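**Student:** please find the sequence and the predicted model below.
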Amino acid sequence: MPETDELTSENAVSITDEMQMLVAEKVREDSQKHTELTSIGTVNELLSELDTDDLTVNFDDMQKEEKYHDIQSVVAIDGTIYLYSTEYITTDQADILAQPGDIKPIIAERVRENSKNLALLTGIDSVFAAGSKFETDKIKVALTEMAEDDSYRDIKSVVTITGATYLYSDNYIANNYANILIRAKANDPCFTIASTVRDESRIYPRPTNVELFKEEVFNIDPVELETHVAHLMERQEFEDIKMVRASTGAPYLYSNLYLNEDHARALAEWTEVEQFENP
């Protein structure tokens, strides 16, 4: 049950016996006659008809009374709270009734919102509101269907090295940036650095200035960056990662899978010095 649900004002008065009875009657009627849940919005409209300026409904307190013990709540995947009576609707039935038949639009909306407004990936386990009961397997089925639907072609997924799935919209987050974000979630600075260097060497191709990894998005402590780079150079799985320095002393990393040393050094020198001498 929600701890407290305020319907209008922060300074609202406690729910009265009249309000409790009104809510319980409506919820029981909906549950018995229509086998449907009663939304908080409906409760709000119901109570607004009373001659009271400020209203607060505390469903925890209400449930403590024996005569309202059957009034329970369920949270839908969009965060909406619904009430129902266990005299007429079981908990399992309420969970089903609270969920929409097609969750694909809800997934897409949440992912696009996070990508556009927050530049964040959306974990598959956090797509829906806390407290809602929705099986991960059903979400995965929906994602499979979305991958085949042009309406959702901007919704992409990335997987961490631990197997966790995250979603983003490439309308707002570039694929390369999404890869950076997912690597940061692995909390392995050496892996993050090496993977980014390999991508830059392969795609552009260009070496990567070590200073880049001081940016917040990489989730690497700048004070420890030099130590992480040193450890990376010692690890066998990253043996393709090499370092060159421009004449300024600036360190650059590259992958010899995609760049040779001379090319990497020349590109680093161009970035640090020559581009400014030859505008």
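**Tutor:** Arrived safely, thanks for sending.
**Student:** tell me where the chain has helices.
**Tutor:** Assigned by DSSP state H, the helices in the chain fall at 17-34, 40-48, 59-64, 91-97, 104-113, 136-147, 175-185, 189-203, 225-234, 261-269, 275-277.
**Student:** out of these, deepest packed?
**Tutor:** Stretch with highest mean neighbour count among the helices of the chain: helix 189-203 (a mean of 20; mean count of other CB atoms under 10 Å). C-beta: built from backbone N, CA, C; applies to glycine.
**Student:** one step back: pick out the shakiest of the helices of the chain, pLDDT-wise.
**Tutor:** Lowest mean pLDDT within these: helix 59-64, a mean of 73.
**Student:** that older thread, how about JSON lines for the helices of the chain, with distance to residue 72 added?
**Tutor:** Listed next are the helices of the chain as JSON lines, based on distance: least, CB to CB, whole Å:
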{"stretch": "helix 17-34", "distance to residue 72": "9"}
{"stretch": "helix 40-48", "distance to residue 72": "13"}
{"stretch": "helix 59-64", "distance to residue 72": "8"}
{"stretch": "helix 91-97", "distance to residue 72": "7"}
{"stretch": "helix 104-113", "distance to residue 72": "23"}
{"stretch": "helix 136-147", "distance to residue 72": "23"}
{"stretch": "helix 175-185", "distance to residue 72": "36"}
{"stretch": "helix 189-203", "distance to residue 72": "45"}
{"stretch": "helix 225-234", "distance to residue 72": "51"}
{"stretch": "helix 261-269", "distance to residue 72": "64"}
{"stretch": "helix 275-277", "distance to residue 72": "67"}
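**Student:** which one, of those helices, ends up nearest to residue 159?
**Tutor:** Distance to residue 159, taken as CB to CB, is lowest for helix 175-185 among these, at 7.4 Å.
**Student:** ok now that closest one, how far from the chain's centre?
**Tutor:** 13 Å (CA atoms, centre = their mean, to the nearest Å).
**Student:** now what about that helix, what contacts it?
**Tutor:** Residues outside helix 175-185 that contact it (CB atoms under 8 Å, 6 or more residues apart in numbering) are 119-121, 156, 158-160, 164, 166, 168, 170, 173, 191-192, 195-196, 199, 203, 217-220.
**Student:** for stretch 270-279, same thing?
**Tutor:** So stretch 270-279 is contacted by 206, 209, 246-248, 250, 252 (CB under 8 Å, 6+ apart).
**Student:** now with 10 Å, please.
**Tutor:** When contacts are defined by CB atoms under 10 Å, 6 or more residues apart in numbering, stretch 270-279 is touched by residues 206-207, 209, 245-250, 252, 266-267, 269.
**Student:** show me the two of the residues you listed that sit farthest apart.
**Tutor:** 206 and 249 (18.6 Å).
**Student:** and those two? Which one has more around it.
**Tutor:** Per other CB atoms under 10 Å, whichever of residue 206 and residue 249 has more neighbours is residue 206, with 19 against 7.
**Student:** now do that one against residue 43, distance only.
**Tutor:** 60 Å (CB to CB, to the nearest Å).
**Student:** residue 216 too?
**Tutor:** When residue 216 is compared with residue 43 (using CB to CB), they lie 43 Å apart.
**Student:** same question for residue 103.
**Tutor:** Taking CB to CB, one finds residue 103 at 25 Å from residue 43.
**Student:** just the buried residues of stretch 237-249, please?
**Tutor:** 238, 241-244, 246 (16 or more other CB atoms under 10 Å).
**Student:** let me have the residues you listed in JSON lines, adding pLDDT and distance to residue 84 as columns.
**Tutor:** Listed next are those as JSON lines, based on pLDDT from 0 to 100; distance: CB to CB, whole Å:
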{"residue": "238", "pLDDT": "96", "distance to residue 84": "56"}
{"residue": "241", "pLDDT": "97", "distance to residue 84": "58"}
{"residue": "242", "pLDDT": "97", "distance to residue 84": "64"}
{"residue": "243", "pLDDT": "97", "distance to residue 84": "63"}
{"residue": "244", "pLDDT": "97", "distance to residue 84": "67"}
{"residue": "246", "pLDDT": "96", "distance to residue 84": "68"}
